[in-house]
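# Have a look; sequence and predicted model below, questions after that.
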Amino acid sequence: MWDADDLDVYGSWVQGCMQHAAGSTAMKRWPFNLQSLSAQMILSSIALVLLMAAAAGLPAIWLIRGQFDRQAWAQVNQGSRAAQALYEAKQSELAGLATLTAQRPTLQDLLAQGDQAELNAYLGTLREGSGLDLVAVCSADQQPIAQSGEAILEVQCQTGTQSGFYLSSNGPSPQAWLLATHPVVEEDLGVVMVGLALDDEFAETMEAQTGLGHTLLVDGQPVATSLPARRSLPPIPSGDLPQSTFDLNGQPYFAARLPLEGTDLEAEVALEVTDISATQRGLVWTLAASILAVAVVASLLGTYLARRIGQPLAHLAQAADALSNGDLDTPLAVKAHVREVALVAQALEGARADLANTLVQLRQEKAWTDHLLDAIVEGIVTLDRQGHITFFSNGAERITGWLRSEVRGRSCDEVFKPLEADEPFSQLIPPPGQRRKISIELRDRRQAILAITGARLLPPEGDDARVALVFRDISEEEAIHRLLGHFLANVAHEFRTPLSALAASVELLLDQAPDLNASELGELLTSLHLGVLGLQTLTDNLLESASIETGHFRVYPRACNLGDIIGDAVGMMQPLLEKHGQTLVVELPAAIPVVRADPRRTVQVLINLLSNASKYGPDDAEIEIRAAMHGDWARVSVADAGPGVPPEHREELFRRFVHPGLGSEKAQVGVGLGLSVVKAIAEAQGGEIGMESRPGGGSVFWFTIPRAREK
């Protein structure tokens, strides 16, 4: 920091420089002798600043230009790789659509019947539903049978084109296609062909997905592009260089090409670098201006420091005398002109500052020591030789509820009352260095488990020896340990029961398989299947609960048929329901909706709800699954005929380790994870979950799924 004298000297120097620039006689006020130390230091500092500015600025400018170019080309190459991945994904998706189309029973029936009108209408429906530009069927002898979409089928059937990229020349200009074929399950019925036109709309889609302009080229000539002005350029053969540059409407572009396998087609991704170039120029100019400004400021600062160093110190003896008389608050305002004097002044100022800081630190440490015990979270209590409380920290007040003023001077046995021991608290204090857990009745009859550590502040033979106790409330930790033990016991029980049943069934199969009839063998296999299903459900719930706890739980919703989801869950749970003689009633709307959900996890939700309905419901009872639409939401409910859930347990129903089926004779111990996992899945998909009482007895568990938006 500059003091007032420094500012006065600097102001005088600046004023002198301004008068010199105006043509005044200021040179007489500041004789500039080249042989003086100040002049040599000024010239040396200016020369050094200019040299350093040039040494740092020129490489920086070169690096900026190179770095921007590298970043631009890196972005282009990244876009090229992204385009390659998108093309591969399109091929894979198209191959899957061809396979699914070829396996449709309706298509096979229409081909077998030879109904041309119905077949064309069905292909049109398939094409519109899948977003394709072509859906067609060719006969086994390469003759067109039916198609929906643009008319390139005859050429394709005759040439026997396989899956991949294809260049059509039927129209006035070439047109690129991405095709996929797959034989109908009955091979003599023909081959299904699906296609996607690689036109300007497709190029615009690729630009939206990669962030770069997209063009399809044949011999350097665009056949589809998201850059309309690109068509005005003359053909640009790629040659051996996959990267190129060009201008469109005065805007520079960096471009890279990638060949499309099996054809003369090339895909080109282009990045407009106008903004990058402008930013590059702006940074270069900004850097140059900054370097110049820094050089000027550094030169001025060097000049100022040189003059300051060259001036002698004043009042050094007076400042030293004041320091020797104990004046530690007044800084040594000494103007240094000679190096030796400056060193002495700095040493004296350093000694003064160190002494002043030492005194301040001593005061601060004393205050810190006084407040340290109060700031510690744990409770700290000190006892005298008679067991009376001499110190009671803020942490002890917070844990016990007692105020410091209320307990100071009182016996520790009056404040701390053990619950599980007949001895007084003073007899339960652990030896120094050891730890002990003691259940204590606190103020207002509250109870807590304290982990107490004892220590002695002075040797035992000292007259003023005191005992220091450090304790903290571990009631919650102990509760968690008990809950964990209960959870592990339940998990062991849940695994042991189905494993014992599986082992018995397998042992019976090994010993008596040849003597068992089909009914007995089916019953054993059903028992094995149910055991495996129970273990799988338990394992899934454990894994999902662990992922929820660690924050790694994710769902991947997509458009899917709600009827398929319910059908998968029903198929998996049917053996369990048949074992208990329970009947499953499924009610779906006439138009089964398409929802946006994670199919696997939604099936897991239904399996958990159906498993609970079977577990807590009586044998030979009905279990109902209903699906209904409410606006943009599908509501799925599972109703059982069990004992229901008491009202006092409903608020904690979807928490972990809580069991919904209270009072059911069939209810096992369980681990209490199923409904918590169900809630996490339903809410992660954007829906809700709840429970209602069923009229006539039982419970209705329901959850909602958002309807998939139509594209």
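That came through fine. Residues are numbered from 1 along each chain as shown.
# rest of the way, CA atoms for contacts and neighbours
Will do.
# So residue 709, which state does it fall into?
coil (DSSP: H, G, I helix; E, B strand; the rest coil).
# Does anything pack onto the one helix or strand residue 59 maps to? Which helices or strands?
If you go by DSSP states H and E, residue 59 is part of helix 37-102. Contact partners of helix 37-102 among helices and strands, from 3 or more C-alpha pairs under 8 Å, 6 or more residues apart in numbering; DSSP states H and E: strand 175-183, strand 191-198, helix 200-210, strand 251-259, strand 265-272, helix 274-309.
# List the buried residues for stretch 91-107?
Residues of stretch 91-107 classed as buried by neighbour count (16 or more other C-alpha atoms under 10 Å): 91, 94, 95, 97, 98, 99, 101, 102, 103, 107.
# quick revisit: chain center to the helix holding residue 59, what's the gap?
Taking the mean of its C-alpha atoms, helix 37-102 sits 27 Å from the chain's own mean (C-alpha atoms, centre = their mean, to the nearest Å).
# okay, the angle between that helix and strand 175-183?
Taking axes from the mean of the first three to the mean of the last three C-alpha atoms, to 10 degrees, one finds that helix 37-102 is oriented at 50 degrees with respect to strand 175-183.
# between the next helix or strand along the chain from helix 37-102 and strand 191-198, how big is the angle?
Counting by DSSP H and E, the next helix or strand C-terminal to helix 37-102 is helix 105-113. Here helix 105-113 runs at an angle of 120 degrees relative to strand 191-198 (the same axes, to 10 degrees).
# Contacts for helix 105-113, please.
Outside helix 105-113, the residues that touch it by C-alpha atoms under 8 Å, 6 or more residues apart in numbering are 101, 102, 118, 119, 122, 184, 185, 186, 189.
# what about residue 418, distance to residue 476?
From residue 418 across to residue 476, the span is 18 Å (C-alpha to C-alpha, to the nearest Å).
# again with residue 183
66 Å.
# These two: who's more crowded?
residue 183 (21 against 11; other C-alpha atoms under 10 Å).
# My read is that residue 473 contacts residue 452, right?
No. With contact defined as C-alpha atoms under 8 Å, residue 473 does not reach residue 452; the gap is 9.1 Å.
# Stretch 637-654: which residues count as buried?
637, 638, 639, 640, 641, 642, 643, 644, 645, 653, 654.
# where does stretch 119-139 sit relative to the chain's centre, distance-wise?
With C-alpha atoms, centre = their mean, you get 41 Å for stretch 119-139.
# still on that earlier bit, which among the buried residues of stretch 91-107 gets closest to residue 231?
Residue 231 lies nearest to residue 91 out of those, by C-alpha to C-alpha, at 26.4 Å.
# can you pull the contacts of that closest one?
Per C-alpha under 8 Å, 6+ apart, neighbours of residue 91: 164, 178, 179, 180.
# Below-threshold pLDDT in the stretch 301-450 of the chain: ranges please.
305-320, 323-324, 326, 332-342, 369-370, 373-375 (pLDDT under 70).
# now the strands for it?
Ranges of strands within the stretch 301-450 of the chain are 379-383, 389-392, 417-418, 435-441, 447-456, based on DSSP state E, counting those that start in this stretch.
# What strands flank the shortest one, and is each parallel or antiparallel?
Looking back up the chat, that one is strand 417-418. If you go by DSSP bridges, strand 417-418 pairs up with strand 435-441 (antiparallel).
# what's the strand it pairs with in contact with?
416-420, 429-430, 447-454.
# Show me which pair in these is furthest apart.
447 and 454 (21.0 Å).
# quick one: residue 165 and residue 157, what's the gap?
Residue 165 is 15 Å from residue 157, by C-alpha to C-alpha.
# neighbours of residue 470, just the number please.
19.
# Checking it next. Helix, strand or coil?
Residue 470 ends up strand, using three-state DSSP.
# can you list the weak-confidence ranges in the stretch 101-250 of the chain?
Applying pLDDT under 70 to the stretch 101-250 of the chain flags residues 151-156, 158-162, 170-172, 186-187, 237-241.
# If we use 80, what do you get?
140-143, 150-163, 167-174, 185-189, 220, 230-232, 234-243 (pLDDT under 80).
# Show me how this protein divides into domains.
According to automatic domain parsing, the chain comprises the domains 1-31, 103-198, 316-373, 376-473, 549-706.
# Out of these, which gets nearest to residue 273?
domain 103-198 (26.0 Å).
# now residue 227: how far from residue 268?
11 Å.
# Which of the two has more residues huddled nearby?
A count of neighbours by other C-alpha under 10 Å puts residue 268 above the other of residue 227 and residue 268, at 27 against 17.
# ok, residue 692 - how many residues close by?
15.
# tell me which residues in stretch 349-362 are buried?
Those buried within stretch 349-362 under the rule 16+ other C-alpha under 10 Å are 349, 352, 353.
# Put together JSON lines for these, with distance to residue 247 on each row.
Formatted as JSON lines, the buried residues of stretch 349-362 follow (distance: C-alpha to C-alpha, whole Å):
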{"residue": "349", "distance to residue 247": "68"}
{"residue": "352", "distance to residue 247": "71"}
{"residue": "353", "distance to residue 247": "67"}
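# Among these, which are located in helices?
349, 352, 353 (DSSP state H).
# mind checking how far the first one is from residue 67?
Right, residue 349. Counting by C-alpha to C-alpha, the gap from residue 349 to residue 67 is 49 Å.
# For the residue lying closest to residue 166 once chain neighbours are set aside, name its beta-bridge partners.
Spatial nearest neighbour of residue 166, excluding adjacent residues (C-alpha to C-alpha, 6 or more residues apart in numbering): residue 177 at 5.0 Å. On the basis of DSSP bridges, residue 177 is bridged to residue 166, residue 197.
# pretty sure residue 177 contacts residue 198?
Yes. Using C-alpha under 8 Å, residue 177 makes contact with residue 198 at a distance of 5.3 Å.
# list residues touching both of those two?
In contact with both residue 177 and residue 198: no residue, using C-alpha under 8 Å, 6+ apart.
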